[in-house]
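**Q** Need the 3D shape of this:
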Amino acid sequence: MYTVVLLTAPAGPALDPSLVESLRNAWGGGDAVWLCPDVAAEFALAQMPDNLWDVWDSCQSMQVDLVIVPTEGRRKKMLLADMDSTMIQQECIDELADEAGVGERVKDITARAMNGELDFEAALRERVGLLKGLPEAVIDKVLAERITLMPGGSVLLATMKANGAYAALVSGGFTAFTAQVAGMLGFDENKANTLLHSDGVLTGEVGMPILGKQAKVDALEEITAKLGIAEVDVIAVGDGANDLGMLTRAGLGVALHAKPSVAAQCNVRINFGDLTALLYVQGYAQTDFVT
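**A** Residues are numbered from 1 along each chain as shown. Presented below is the predicted three-dimensional model:
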């Protein structure tokens, strides 16, 4: 059995009940259940439809995300999340680069690396090198003035944790940011790279080993083993090429507002919903949300 979920951005156009009903009828689905009025609805389905991606394209044109997941084991025991452009709305290194006066150059490298066009480690070294000489205190300035949480993140964490789930933040970014974001949102642990500094300024180097795509897969393996759960019990979320390893290994991998090359390799794509979409996909209704 499968479950079909249709959802929109909470602040966006309302989900049209006629769309839900027409799709349910076309696919021979079960009765529609509204997880949140005007925002998210679901129905059961006996088998995966052949025209899924054609219908998905049509839904996208209506600013609706369409997701189909196996019904069994739908509610996950662990959240494994990327940070930049996933749990927060920015790329931390781009914000630091703006302060250093090399913003446009670094943003271009970041975009290409996240789309899988560049080797992640080499791209990270190049970008960090451009930050050489930046006062370490700028990190706190960026955290205070430039970093904002992705909508729905606090509800996602609070709800999953209230239901016994474990949450890990694993980033190709930097510990100075993940520690703060993890603390704000309630993650149980966080892993990231370290920006090296000396005499109060950044050296332009990153601590070794560099945490890239494989490090996120390693975290998935290590944390599930520690918790005594299976990889199928994990929901992972990210947007960049360095997230693909964990997204394809986890029981439920969610490409959130992802780069095109990343979304193309994921079956669950959220382009309009916020992070509460991860709750709807797991079968949580808005009345289950913890704030």
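
**Q** can you give me the strands for the protein?
**A** 2-7, 33-36, 40-45, 65-70, 78-81, 166-174, 189-193, 195-198, 201-206, 234-238, 252-256, 268-270 (DSSP state E).

**Q** Now these in TSV, please, with extra columns for distance to Ala97.
**A** Yep, even glycine has a C-beta here, placed from its N, CA and C like the rest. Shown next, in TSV, are the strands of the chain (distance: least, C-beta to C-beta, whole Å):
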stretch	distance to Ala97
strand 2-7	34
strand 33-36	38
strand 40-45	37
strand 65-70	32
strand 78-81	23
strand 166-174	13
strand 189-193	15
strand 195-198	12
strand 201-206	11
strand 234-238	21
strand 252-256	23
strand 268-270	27
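
**Q** So which of the ones you listed has the densest surroundings on average?
**A** strand 234-238 (a mean of 29; mean count of other C-beta atoms under 10 Å).

**Q** and it, average pLDDT?
**A** Averaged across strand 234-238, pLDDT comes to 98.

**Q** Name the residues that touch that strand?
**A** 76-82, 86, 216, 220, 224, 243-244, 246-247, 249-256, 258, 262, 275, 278, 281-282 (C-beta atoms under 8 Å, 6 or more residues apart in numbering).

**Q** Now do Ala44 against Gly73, distance only.
**A** 15 Å (C-beta to C-beta, to the nearest Å).

**Q** show me what contacts Leu45?
**A** Counted by C-beta under 8 Å, 6+ apart, Leu45 has contacts 1-4, 27-30, 68.

**Q** Would you tell me which one of the residues you listed comes nearest to Ala11?
**A** Val4 (23.1 Å; C-beta to C-beta).

**Q** Hmm, that closest one is touching Phe43, no?
**A** Yes: between Val4 and Phe43 there is a contact under C-beta atoms under 8 Å: 5.4 Å.

**Q** what do the two both touch?
**A** 24, 29.

**Q** now the helices: where do they sit in the stretch 51-200 of the chain?
**A** Per DSSP state H, counting those that start in this stretch, the stretch 51-200 of the chain carries helices over the ranges 52-61, 92-100, 103-114, 120-129, 138-145, 153-162, 175-185.

**Q** would you list the ones you listed in TSV and tack on distance to Ile235 and mean pLDDT?
**A** Putting the helices of the stretch 51-200 of the chain into TSV (distance: least, C-beta to C-beta, whole Å; pLDDT from 0 to 100) gives the following:
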stretch	distance to Ile235	mean pLDDT
helix 52-61	20	97
helix 92-100	23	95
helix 103-114	21	93
helix 120-129	23	94
helix 138-145	27	96
helix 153-162	8	98
helix 175-185	15	97
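
**Q** most packed of those?
**A** Buried most deeply of the helices of the stretch 51-200 of the chain, by mean count of other C-beta under 10 Å, is helix 92-100, with a mean of 22.
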